[in-house]
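Student: take this sequence and fold it.
(one chain, ligands or ions: 1)
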Amino acid sequence: MHKTILTAFALTFPALAQAAEPGDIAAARIGYYSLVNLEMGGLAAMAQGKAPYDAERAKALAADLKVLSEYLHDDLLMPGTSNAELAGKTRALPAIWEQAEDYRAKGMAFREAVATLNGVAGEGQEALAPAVGKVGATCKACHDSYRAKDF
Ligand code: HEC
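Tutor: Have a look, this model is predicted:
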């Protein structure tokens, strides 16, 4: 029974049936941050007045960002997937693994800023803007230490 299910699963998702390859992990990580960036982009546009403020849309974007910020992405931090090992395929610096606790703390700061944002996203552009700014500062703080400028 189990075997049948696994076989069916392997046929449907061949990539998942194999052990994760370092290059696939890096690609998934970039995909994760691309989603973060997409939701943040919509919020930043409203915060900066480049898009009209819309309470329902702001709440929806903030809620999606919250889901992403709570996604425990340890799987995306497999050792052997920094830009030292996968040159040209990732911008993740080896410092992530050398200073794992600080990296985690920067991730928690991001999560907390997003939680705060969710509390005010529906309360008008003037409430949204500073909260989005605080989230943006947590993105930058992490990138400054842990993301290479180029691939
Ligand atoms: C805890 C650390 C951390 C936080 C917080 C963080 N990032 Fe990143 N981000 C990274 C790392 C590391 C990479 C490089 C991933 C790779 O290349 O493997 C990255 C990559 C990216 C990329 C590049 C994706 C690509 O196409 O190469 C974008 C865009 C991005 N982040 C946006 C954001 C935004 C916007 C936020 C905040 C809303 C954010 N990140 C928060 C660590 C972080």
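Student: what is the subsequent helix or strand relative to the longest helix along the chain?
Tutor: Longest helix in the chain, counting residues (DSSP state H): helix 22-47. Downstream of helix 22-47, the next assigned helix or strand under DSSP states H and E is helix 55-70.
Student: got the CA coordinates for that following helix in CSV?
Tutor: Extracted C-alpha coordinates of helix 55-70, given in CSV (Å, rounded to 0.1, in the frame of the first residue of the first chain):
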residue,chain,number,x,y,z
ALA,A,55,-7.0,48.7,2.7
GLU,A,56,-8.1,45.3,1.4
ARG,A,57,-5.2,44.8,-0.9
ALA,A,58,-2.7,46.0,1.8
LYS,A,59,-4.1,43.5,4.2
ALA,A,60,-3.9,40.7,1.7
LEU,A,61,-0.3,41.5,0.7
ALA,A,62,0.7,41.8,4.4
ALA,A,63,-1.0,38.5,5.2
ASP,A,64,0.8,36.7,2.4
LEU,A,65,4.1,38.2,3.5
LYS,A,66,3.3,36.9,7.0
VAL,A,67,2.9,33.4,5.7
LEU,A,68,6.2,33.6,4.0
SER,A,69,7.9,35.1,7.0
GLU,A,70,6.7,32.2,9.1
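Student: between that helix and helix 22-47, how many degrees?
Tutor: Here helix 55-70 points in a direction 150 degrees away from that of helix 22-47 (axes from the mean of the first three to the mean of the last three C-alpha atoms, to 10 degrees).
Student: list of residues touching helix 55-70?
Tutor: Applying C-beta atoms under 8 Å, 6 or more residues apart in numbering, the set of residues contacting helix 55-70 from outside is 32, 35-36, 39-40, 42-43, 46, 110-111, 114-115, 117-118, 121-124, 128, 135. Bear in mind the C-beta positions are built from the backbone N, C-alpha and C, glycine included.
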